[in-house]
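Chemist: Show me the folded form of this:
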Amino acid sequence: MAHLASRSIVIQEFTSKKNTLFTYPDVSVICGKIETLNDDNQNVLNPTVIFEVLSPSTKGYDLGEKFRLYQDIPTLKEYMVIDSDAVDVRIWSNTKNDSWQLAVYQNIEDAVELQSLNISLPLKEMYESVF
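Modeler: Modelled structure (predicted):
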């Protein structure tokens, strides 16, 4: 992912100041300095984009309760879920009025647009080793 070379990519716990629940995303991108809860270097507070790879056992949680928890993170701009069983990528983007807009990509010829990172990711590359 050379597209992300200038950003911090971390796999760490996330929490929100609005709630006390912790969760691990599959991958996250942070633009700027990493902020942690109590400077503990474990609980990141400021992701810009969170990525989850869906599996049959996690799909309901990742699309439901986990996403609701992520919506409490004020720095989160986009939430991207990638289905591992089908070409199906969904991106929720936080709009200026704090609502979440959904974009769905299901054509292998498509490229996913991540506005907050100003990058385009071809689905062919994302699913290269899967199908």
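Chemist: List the contacts of the closest residue to Met126 other than its chain neighbours.
Modeler: In this structure, Met126 finds its nearest non-sequential neighbour in Ile82, 6.6 Å apart by Cβ to Cβ, 6 or more residues apart in numbering. Placement of C-beta: from N, CA and C, glycine included. If you count contacts by Cβ atoms under 8 Å, 6 or more residues apart in numbering, Ile82 has them with Phe51, Glu52, Val53, Leu54, Asp88, Val89, Met126.
Chemist: can you count the residues close to the last one?
Modeler: Using other Cβ atoms under 10 Å as the criterion, Met126 is surrounded by 19 other residues.
Chemist: repeat for the one 3 residues further on
Modeler: When counting by other Cβ under 10 Å, one arrives at 6 neighbours for Ser129.
Chemist: now for the contacts of Ile82, which pair is the farthest apart?
Modeler: Taking Cβ to Cβ as the measure, the contacts of Ile82 span a maximum distance of 14.0 Å, between Phe51 and Asp88.
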